[in-house]
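*Asks:* Sequence and predicted structure are below.
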Amino acid sequence: MKRYLRRMLLAGIGGLYVLSVPWYRSGGETGGSGFGLPDWVVVAIGCYVAVAVLNAAAWLLTDIDEDGT
């Protein structure tokens, strides 16, 4: 079960990286957010923060061989 959950977390990380690229925007389109930044910047930063959280969770589920064998 841990392996399956870890793989799903890693797949989620890949999906967030794809989502962070502003594919959905047209050229020259401008948009703003409440933070004074373009909306694509807020989406990208949110994705990168989520990637960091999912990566930490995946590492917590990783079994590490202490013996080095």
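*Replies:* Perfect, I can see it now.
*Asks:* rest of the way, CA atoms for contacts and neighbours
*Replies:* Fine.
*Asks:* contacting residues around the longest helix along the chain?
*Replies:* In the chain, taking DSSP state H as the definition, the longest helix is helix 39-60. Applying CA atoms under 8 Å, 6 or more residues apart in numbering, the contact partners of helix 39-60 are 6, 9-10, 12-13, 16-17, 19-22, 31-33.
*Asks:* In helices, which of the residues you listed appear?
*Replies:* 6, 9, 10, 12, 13, 16, 17, 19, 20.
*Asks:* Please give me every residue in contact with the fifth one.
*Replies:* Residue 13 makes contact with 50, 51, 54, 55 under the criterion CA under 8 Å, 6+ apart.
*Asks:* what separates residue 62 from residue 49, distance-wise?
*Replies:* Per CA to CA, to the nearest Å, residue 62 is found 20 Å from residue 49.
*Asks:* Residue 13 too?
*Replies:* 10 Å.
*Asks:* So residue 2 is in contact with residue 63, correct?
*Replies:* No - at 9.3 Å, residue 2 does not count as touching residue 63 under the criterion of CA atoms under 8 Å.
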